[in-house]
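1. pasting a predicted model and its sequence here:
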Amino acid sequence: MDAIEFMARFEEDGLRFFETLGAESIDAERKGLFELLADNQKRHLGSLEKLKENLHGIETDTTLVDRAGVVVNGFRRTLGSYDLPKEFRQDADAFDHIVKAEEEVIELLDGMAKAEAEENTRELLVLLAEEEKRHLSRMENIYEFIEAPRSFLEWGEFSNLHQL
């Protein structure tokens, strides 16, 4: 299987995940968060398509991806659950599940790169892992931006001796 196609499938699962959560969210802030994450996911899918076009003619197939293709990623596992909206509607740590799914794929790509014998394919897997790390960083930045108004510090020296 093609390594870029493998990543595109994972990212499409992530896009469906964000779109589903965005559509089902009651809270406008969470809805906005998932819409921003879905938009970011679409851009990431576009960058994978551009990479595939740029590598046209270069072998990107690897048997390691075939083996990894049977592993159910975090997004697909969650999408396949019995009641996704109910589980994540009240889950304040829903974003942590997203980060975990992304980290799992990064670890998988790193492991495949270490085990790959073909030099070009190994470099591609390393490139995909690095791109996935940048993508995760952008997602965390989006989350921090949306959550920033809820975050504040209480300092005793400013007479905040009681909870606000």
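-> Done, it's in.
2. pLDDT below threshold where in this protein?
-> Scanning the chain with the threshold set as pLDDT under 70 gives 1, 56-92, 150-164.
3. in it, which helix has the most residues?
-> Counting residues, the longest helix in the chain under DSSP state H turns out to be helix 119-147.
4. just the helices in the chain please.
-> Here the chain has its helices, by DSSP H, at 3-24, 28-54, 63-68, 74-79, 84-89, 94-115, 119-147.
5. rewinding a little: quick one, the longest helix of the chain and helix 3-24 angle?
-> 20 degrees (axes from the mean of the first three to the mean of the last three CA atoms, to 10 degrees).
6. just checking, what packs against helix 119-147?
-> Applying 3 or more CB pairs under 8 Å, 6 or more residues apart in numbering; DSSP states H and E, one finds that helix 119-147 contacts helix 3-24, helix 28-54, helix 94-115. C-beta here means a position set from N, CA and C on the backbone, and glycine is covered the same way.
7. now with 10 Å?
-> Using 3 or more CB pairs under 10 Å, 6 or more residues apart in numbering; DSSP states H and E as the contact test, the elements touching helix 119-147 are helix 3-24, helix 28-54, helix 63-68, helix 94-115.
8. and residue 142, which of those is closest to it?
-> Each of the helices and strands packed on helix 119-147 has some distance to residue 142 by CB to CB; the shortest is helix 28-54, at 5.1 Å.
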